[in-house]
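> Generate a structure from the sequence data that follows.
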Amino acid sequence: MAPSTHTHATPIEVCDLLTKEKQLVHIKDGTDSSVLSHLFAQGSVSAITLKRDNGFRLGTKDKYGRAEILNFLKNKTALQFQRIKNKWLIEAAKHTDWNSKIGGLLAMDKNILGNLRKGNEFTEKQVKEYISPKKPISLTDTHLYEFYENYLFEELRDKFTEACKLDNSIEQEERDQKIFGEFIKLSISVLGKILITDSLVKEITETCYNNQILLSQLIPFQKFNPSDYQIVYGIITNKTGKMADILPFFSRVNLREHATRITNEGYKVGVQKIGIVQM
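Reported below is the predicted structural model:
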């Protein structure tokens, strides 16, 4: 059976945390009524869509799979990127103007990773726009390098997303194998053969395979049974007492309504207070 091609006007987040115990956890900070209203709606809309739309389930599995592989690649290449960064900082210190530094960054990318980014992808304006919201101070060589490394993984993330837009009507195992192959090709094209070695390719393949087995068990494409899952609302607060005493009156009413919708779909529902630890 082909998955639904139904599209949603706004993106639906399946959850903030998916556990191996099949808990779909939605988390918000605070007990403000508007915040809680969004939290409760997020949980019920996600649960209903997950049950009724197999295309949404497939997209969720793809999303988690992409995220796991990206994290895997970041961890596996961290040491090599640190070495590249050390070389870059030595070279960058020899120049004082941004054009020379950016030119050196492009040359490093070509010579070390074996790639050639388009020249207009690295400009002082882009660097500032990328970094300023996070760290609005004078740019340093370290900031420029961090921009470069983050850019590579964001580019890879976007390409992974495109790779998952395969024909959903084919058998899932065949589809997954094609996506695995694309992930490897894209990893090499973006990060280069120096980082994506033959041995790492084998690890990527094994990791993709293991992730898909787990995700297919957690979010099955066809035989999805809501009674196997619990929708959990996690509320971050430092208030003491029971949840019934902490939540505003209309939030309790709102929660009851959404919980009823969720249980009517066959799910279990839970609410968990998450305390704040002072460091």
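> Next, Ile235: secondary structure please.
Assigned by DSSP: H, G, I helix; E, B strand; the rest coil, the conformation of Ile235 is strand.
> wait, what's in contact with it?
27-28, 30-31, 36, 39, 243, 246-247, 271-274 (C-beta atoms under 8 Å, 6 or more residues apart in numbering). Placement of C-beta: from N, CA and C, glycine included.
> burial of Leu36, as a residue count?
21 (other C-beta atoms under 10 Å).
> cool, and the one 10 residues further on?
When counting by other C-beta under 10 Å, one arrives at 20 neighbours for Ser46.
> Chain neighbours aside, what residue packs nearest to it?
Val14 (5.3 Å; C-beta to C-beta, 6 or more residues apart in numbering).
> and the helix or strand encompassing Arg256, what does it pack onto?
Assigned by DSSP states H and E, Arg256 belongs to helix 249-264. Contacts defined by 3 or more C-beta pairs under 8 Å, 6 or more residues apart in numbering; DSSP states H and E place helix 249-264 against helix 33-52, strand 268-274.
> so which of these comes closest to Leu105?
helix 33-52 (40.3 Å; C-beta to C-beta).
> Which secondary structure elements does that closest one sit against?
Partner elements for helix 33-52 (3+ C-beta pairs under 8 Å, 6+ apart): strand 23-29, helix 54-92, strand 230-236, helix 249-264.
> Out of those, which gets nearest to Thr205?
Using C-beta to C-beta, the helices and strands packed on helix 33-52 put helix 54-92 closest to Thr205, at 10.4 Å.
> helices and strands around the closest one, which ones?
helix 33-52, helix 98-108, helix 141-163, helix 172-191, helix 198-218.
> Poorly predicted segments of the stretch 101-250 of the chain, please.
Applying pLDDT under 70 to the stretch 101-250 of the chain picks out residues 116-122, 130-138.
> on that earlier part again, got phi/psi on the residue nearest to Ser46?
Phi and psi for Val14, reported as degrees, to the nearest 10, are phi -60, psi -40.
> So it sits against Ala47, correct?
No: using C-beta atoms under 8 Å, Val14 is not in contact with Ala47, being 9.0 Å away.
> Give the residues shared as contacts by the two.
Leu24.
> State the number of residues packed around the closest residue to Trp98 other than its chain neighbours.
Residue nearest to Trp98 in three dimensions, not counting chain neighbours: Glu124, with 4.6 Å by C-beta to C-beta, 6+ apart. A count of nearby residues for Glu124, using other C-beta under 10 Å, gives 14.
> got it, and the one 5 residues further on?
By the measure other C-beta under 10 Å, the count of residues near Glu129 is 11.
> Make 49 the starting number, not 1.
Noted, 49 is the first residue going forward, which turns the last one into Glu177.
> Check which helix or strand it maps to.
Using DSSP H and E, Glu177 falls in helix 172-179.
> Including distance to Lys111, could the helices and strands packed on helix 102-140 go into CSV?
Listed next are these as CSV, based on distance: least, C-beta to C-beta, whole Å:
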stretch, distance to Lys111
helix 81-100, 12
helix 146-156, 31
helix 189-211, 8
helix 220-239, 12
helix 246-266, 10
